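Trainee: test case, fold it:
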Amino acid sequence: RGVINRDLTVRRTIVDSAINTELLYEAAKKAGLDKDKEYLQSLDRFKRQYLATKMLEKGVEGSVTSSNVKKYFESNKNLFDSSQVCTFHIVVQTQEEAAKITALAKEKNTKFEELAKKHSIDPTVQENKGDLGCFTRDRMVPQFSDAAFSMKKDEVRGPVMTTYGYHVIKVYDKKSGEVPGFAEVEQKEKE
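Mentor: Below you'll find the model as predicted:
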């Protein structure tokens with residue numbers, strides 16, 4: 001037993017801190033912060049980094065050769081593309097609801113933002129009216145990105161199923177980027 005365990009004040013502080021953290025965590029979930037776009041993107045980046053590190057710890061470093069890396073790059077070039085798509089979205093819980101909203105969104109003179117405010121379960125919809133802004137392919141879950149990047153400007157599509165529900169997507173802008181060469185990506189990773 002260390003000195004910390006013997007000091008009653010320190011033990012109380014540690015327990016209070018743990019309880020406060022758990023209460024704040026539960027309150028954040030209740031407020032929908034666990035569905036926040038920035039949080040989900042950070043969580044995804046953490047998962048990728050954590051799992052990659054775990055694989056390295058398991059001794060697979062030898063199987064990660066430069067030819068394997070180049071092969072991965074060649075078959076996944078779209079992940080390195082700096083092109084952006086700018087979208088609105090509405091997310092709902094059922095495919096049927098998304099299909100109905102898609103039909104409404106395709107009607108002439110329909111304001112997508114108003115449909116988003118009325119129907120979307122995205123916790124940020126009241127502030128952003130369903131506007132996700134512009135993003136590269138790697139910033140959203142694959143099902144959403146694949147749909148959005150295959151759409152034309154002003155096109156509406158749905159239902160698109162992701163882990164968050166069923167989406168209705170409207171593309172309002174597309175920005176061309178470029179796919180860097182393998183040498184450029186390899187150099188960037190070393191820095």
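Trainee: now do the helices in this protein.
Mentor: 3-6, 8-30, 37-57, 66-75, 95-106, 112-119, 125-128, 142-149, 182-190 (DSSP state H).
Trainee: need those helices in JSON lines (columns: mean neighbour count).
Mentor: No exception for glycine: its C-beta is placed from N, CA and C like everyone else's. Formatted as JSON lines, the helices of the chain follow (neighbours: other Cβ atoms under 10 Å):
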{"stretch": "helix 3-6", "mean neighbour count": "9"}
{"stretch": "helix 8-30", "mean neighbour count": "10"}
{"stretch": "helix 37-57", "mean neighbour count": "12"}
{"stretch": "helix 66-75", "mean neighbour count": "11"}
{"stretch": "helix 95-106", "mean neighbour count": "17"}
{"stretch": "helix 112-119", "mean neighbour count": "18"}
{"stretch": "helix 125-128", "mean neighbour count": "13"}
{"stretch": "helix 142-149", "mean neighbour count": "18"}
{"stretch": "helix 182-190", "mean neighbour count": "11"}
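Trainee: for Tyr172, which of those is the nearest?
Mentor: helix 112-119 (8.5 Å; Cβ to Cβ).
Trainee: packing partners of the closest one?
Mentor: Helix 112-119 makes packing contacts with strand 84-92, helix 95-106, helix 125-128 when contacts are defined by 3 or more Cβ pairs under 8 Å, 6 or more residues apart in numbering; DSSP states H and E.
Trainee: ranking these by mean pLDDT, which is last?
Mentor: Among those, helix 125-128 has the lowest mean pLDDT, at a mean of 88.
Trainee: what stretches of this protein score poorly on pLDDT?
Mentor: Applying pLDDT under 70 to the chain picks out residues 1-7, 56-57, 59-69, 73-74, 76-78, 179-191.
Trainee: okay, the helices and strands packed on helix 112-119 in JSON lines with distance to Arg157 next?
Mentor: Below are those laid out as JSON lines (distance: least, Cβ to Cβ, whole Å):
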{"stretch": "strand 84-92", "distance to Arg157": "10"}
{"stretch": "helix 95-106", "distance to Arg157": "7"}
{"stretch": "helix 125-128", "distance to Arg157": "18"}
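Trainee: list the neighbouring strands of the top strand by length along the chain plus their orientation.
Mentor: Selection of the longest strand in the chain by residue count, based on DSSP state E, yields strand 165-175. When pairing is defined by DSSP bridges, strand 165-175 lines up against strand 84-92 (antiparallel), strand 156-162 (antiparallel).
Trainee: just tell me which of the ones you listed ends up closest to Lys108.
Mentor: strand 156-162 (11.7 Å).
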